[in-house]
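Novice: What shape does this take:
(2 chains)
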Amino acid sequence: MTATRHPMSGGLGGRLALLAVVLLAASWMLPVAWVFAASFKPNEVLMVRTDGLLSPPFTLRNYENLIGTSSLLRWLTNSAIVSLGQTAGVLVLSSLAGYGFARTSFPGKRWVFGFVLAGLAVPEQAILIPLHRLFAGLGLHNTYTALIFPRLAAPFGVYLMTQYFKAIPRELEEAALLDNASRLKIFLRIVLPMSLPAQATLGIFSFLTAWNDYLWPLVSATRPDMYTLTVGLASIQTNFAQAEGIGFLMAQAVFAGLPIFIVYLFFQKYIVAAVSGTTVG
Amino acid sequence: MSKIPCALGIVALGAVALAACGNKKTEISFTRFFGSCEAEYGKVTDVKQAHGECGIITAITNQFNATNPDHVVVKPQIVEWGPYYDQLSARIVSGDVPTVAVMHESALGDFVARNLVEPLDDALQSVGITPAEFTDQARRGTVIGGKLYALPFDTWSWLWHINLNMMKKAGLVNADGSPILPTTPEELIAQAEKFKAATGKPYFSWPTVNESAAPYRTFLTLVAQQGGVVFPPGGKTIDVRSDAARKALELIGRLYAEGHVKTGADYGAANQAFLTGEAGIVVVGTWTIDDFLTQSKQPGSPLANGYTVVPFPPVFGKKAVFADGHSWVLLKGGARDDKTRKAAVGLLRALWDNDFEWSRTGHLPARKSVIDSATYKQLPFRANIAEISSTAYSVPSDVSHQRAVEVAVGEEISSMYLTKKPLAEVQTAIEQRVGKLLAGAN
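Specialist: Numbering: from 1, shown residues only, chains lettered A, B, ... in the order given. The predicted structure is shown next:
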């Protein structure tokens, strides 16, 4: 077991590093603080000046206008369903595929793996039209199926899980094989629990990607009752909101980011552990 | 059980069923941009009480839902403005076609060419609307190949919004308080120099960053003012090598190079620069009139009691200014049956009836009787800009992909002044980029 060193204990170098980190964090926080402050300012004021955000007048009107949108809860629910559905699907499929690539042998495995990885090089826009036509042909637009399924093919997830499973010592599985455990049992009881940091990382990225997704929901969920939060919020902006509705835009940004912030508050120790590649004790 | 109560029960049930059938609502989907303002205007049915594009269109919809005698229910489907046409195309492909949709007149030609829009001559005539009632500009924008494809709602155009307080400081105001406007390119440069010398600020503010629409519209305006042609008949080519095009590009480039345009401003910042007195004139559309007027009533504002607006002045002699318009279309397959179609046409009639209310947004009315009315001209500055309905220049409807053309031309003009790309290279790049777009047209 290693003791954690306090950053201040590293002498001048440690202190300078800490200072640099604090400055970086502050510079990252500044735009966030600006967005938050601007969300409480009247649009007419922001149309003229976007400095002086800490001085009056302040208003709650931007939030009132936002919350007064009757479909807001529906969009929030849609986003939650789609994000959770996508995250769960990506985790299951990527874990199974990753384990298969890491631990089993089958003819053409290298080619298939290469084919999956090639998916990383295909931009979303390149497949948008065929994908849209496919779902249109199946009559699935404006359904959760159409919003969730196209994102389940996640080459990055498969790659991440494959590499992680490869790093787990084979001896653990061999011991279980000697005890007549099946592949599935080994996967579920031994390998999967050990891959939690990778699962958490993949889960976070999948959830964030799904939550922030705009392009596919825009063309697939075209009925307002099926909008996700990103599409719904964009739809209620006025045509020249970047000039005449800045406060409202900022309130939208705060509102859209709030669920993610709450998720972070609850799961921060897992998220930090996932990003730093350690486990939560 | 007695037969009489039983029979009475059946009759009563039948009556209820008939009443239910009689009251059956007809739903029509109404796809548009302009945003949503449910909290403020969700229950407003008196259109006169509404303000701004979002407020007025919401109130018109509410009013129609509340007052139409045919139990028609309009369900707005609001989409973000930027990707509106991409989403509309996606909806048509997937068979989820809206009943009534808003459409820019500049986009109408593409949809008509793809056979996606219903002709409206007979339908509109059935509710008493004929193209003879349209302004010249509105008729040009909605009649294609002799057929009427959309109900025009407005004309929006390219204006000079002027800070009279700064112009006064520069000695560029007449005795009656009106601005002294340039009538030649030389006068324009001379005025800009005088303005800068007196105020220390640039004469113009227009979006130069992350923007293609502004330079494109200014360019088309300046060419049209020379009687030039950017899009020759047929819609398959673009001409940016004519004398008129060269002079227009040179003037735009010179204004920027000599420091007469506020630098580094996107759309919002360009407007902000005008409102804070960092520039004398902002070149932007009809839709900002109300906002700027409101600001000019704020004590302490650089615009206080010193705001006016005029059509882009004819610096090359001829009165002409770029314009486009919003219109309403019925897409093929959008109305399930005759009843829905009739309901949709009824909504078009209601929109037409509110053309004056809509003109309070700043856009010019599409209806001749409204633009000629004293009521309209009594609205602030409308008498100044009413002439646009007959002096406007629009890109012909046979030019396809007009949005993409705007981006290509606008980006190249921007690169001329932002990166000092030589004029000849700009002309070549425009020809190549736009040529590809037009060659691939239907």
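Novice: Kindly provide the distance from the most centrally placed residue in chain A to A:G137.
Specialist: The residue lying closest to the centre of chain A (C-alpha atoms, centre = their mean) is A:L208, at 1.3 Å. Per C-beta to C-beta, to the nearest Å, A:L208 is found 31 Å from A:G137. For the C-beta atoms, the positions are set from N, CA and C on the backbone; glycine is no exception.
Novice: How many neighbouring residues does the residue lying closest to B:L172 once chain neighbours are set aside have?
Specialist: Closest residue to B:L172 apart from its sequence neighbours, by C-beta to C-beta, 6 or more residues apart in numbering or on different chains: B:I180 at 4.6 Å. Neighbourhood size, B:I180 [other C-beta atoms under 10 Å in any protein chain shown]: 14.
Novice: dump the residue contacts of B:I180.
Specialist: Contact analysis of B:I180 by C-beta atoms under 8 Å, 6 or more residues apart in numbering or on different chains lists B:167, B:172-174, B:191.
Novice: Below-threshold pLDDT in the stretch 1-150 of chain A: ranges please.
Specialist: For the stretch 1-150 of chain A, the stretches with pLDDT under 70 are A:1-10.
Novice: how about a cut-off of 50?
Specialist: Scanning the stretch 1-150 of chain A for pLDDT under 50 picks out A:1-2.
Novice: Next to chain B, which bits of it? Give me the list.
Specialist: For the stretch 1-150 of chain A, the residues in contact with chain B (C-beta under 8 Å from any C-beta of the partner chain) are A:44, A:47-50, A:64-70, A:132-133, A:135-136, A:139, A:141-142.
Novice: out of these, which are buried?
Specialist: Buried members of the residues of the stretch 1-150 of chain A next to chain B, scored by 16 or more other C-beta atoms under 10 Å in any protein chain shown, are A:47-48, A:50, A:65-66, A:69, A:132, A:135-136, A:141-142.
Novice: Those in helices, which ones?
Specialist: Of those, the ones assigned to helices by DSSP state H are A:47-48, A:65-66, A:132, A:135-136.
Novice: With distance to B:C54 as extra columns, can I get these in JSON lines?
Specialist: Formatted as JSON lines, those follow (distance: C-beta to C-beta, whole Å):
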{"residue": "A:M47", "distance to B:C54": "16"}
{"residue": "A:V48", "distance to B:C54": "21"}
{"residue": "A:N65", "distance to B:C54": "10"}
{"residue": "A:L66", "distance to B:C54": "14"}
{"residue": "A:H132", "distance to B:C54": "29"}
{"residue": "A:F135", "distance to B:C54": "31"}
{"residue": "A:A136", "distance to B:C54": "31"}
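Novice: nearest to B:Q378, of these?
Specialist: The nearest member of these to B:Q378, counting by C-beta to C-beta, is A:M47 at 25.9 Å.
Novice: can you pull the contacts of the closest residue to chain B within the stretch 51-200 of chain A?
Specialist: Residue nearest to chain B within the stretch 51-200 of chain A (C-beta to the nearest C-beta): A:G68, separated by 2.4 Å. Going by C-beta under 8 Å, 6+ apart, A:G68 touches B:38-40, B:42.
Novice: again with B:E118
Specialist: B:149, B:329-332.
Novice: Grab the nearest non-local neighbour of the residue in chain B that chain A sits nearest to.
Specialist: Among all residues of chain B, B:A39 sits closest to chain A, at 2.4 Å; criterion: C-beta to the nearest C-beta. Spatial nearest neighbour of B:A39, chain neighbours left out: A:G68 (2.4 Å); criterion: C-beta to C-beta, 6+ apart.
Novice: distance of the one you found from B:K436?
Specialist: Taken as C-beta to C-beta, the span from A:G68 to B:K436 is 46 Å.
Novice: Also A:P57?
Specialist: For A:P57, the distance to B:K436 - C-beta to C-beta - is 51 Å.
Novice: More neighbours: those two, which one.
Specialist: Set A:P57 next to B:K436 and count neighbours by other C-beta under 10 Å: B:K436 wins out with 12 against 9.
Novice: and that one, what helix or strand is that in?
Specialist: Element membership of B:K436 [criterion: DSSP states H and E] is helix B:423-439.
Novice: And that helix, what's buried?
Specialist: Residues of helix B:423-439 classed as buried by neighbour count (16+ other C-beta under 10 Å): B:426-427, B:429-431, B:433-434, B:437-438.
Novice: What of stretch B:141-161?
Specialist: Neighbour-count burial for stretch B:141-161, counted by 16+ other C-beta under 10 Å, picks out B:141-144, B:148-161.
Novice: In helices only, show me those.
Specialist: The helices, defined by DSSP H, take in B:141-142 from the buried residues of stretch B:141-161.
Novice: In strands, which of the buried residues of stretch B:141-161 fall?
Specialist: Those of these mapping onto strands are B:143-144, B:148, B:151-152, B:154-161, per DSSP state E.
Novice: how about the residues of the stretch 201-350 of chain B near chain A?
Specialist: Counting by C-beta under 8 Å from any C-beta, the stretch 201-350 of chain B comes close to chain A at B:266-268, B:271-272, B:275-276, B:287-288, B:291, B:294-295, B:301.
Novice: mind checking pLDDT for residue 193?
Specialist: No chain was given, so I picked chain A. We have a pLDDT of 92 for A:P193.
Novice: that's the other chain; I wanted chain B
Specialist: As predicted, B:E193 sits at a pLDDT of 98.
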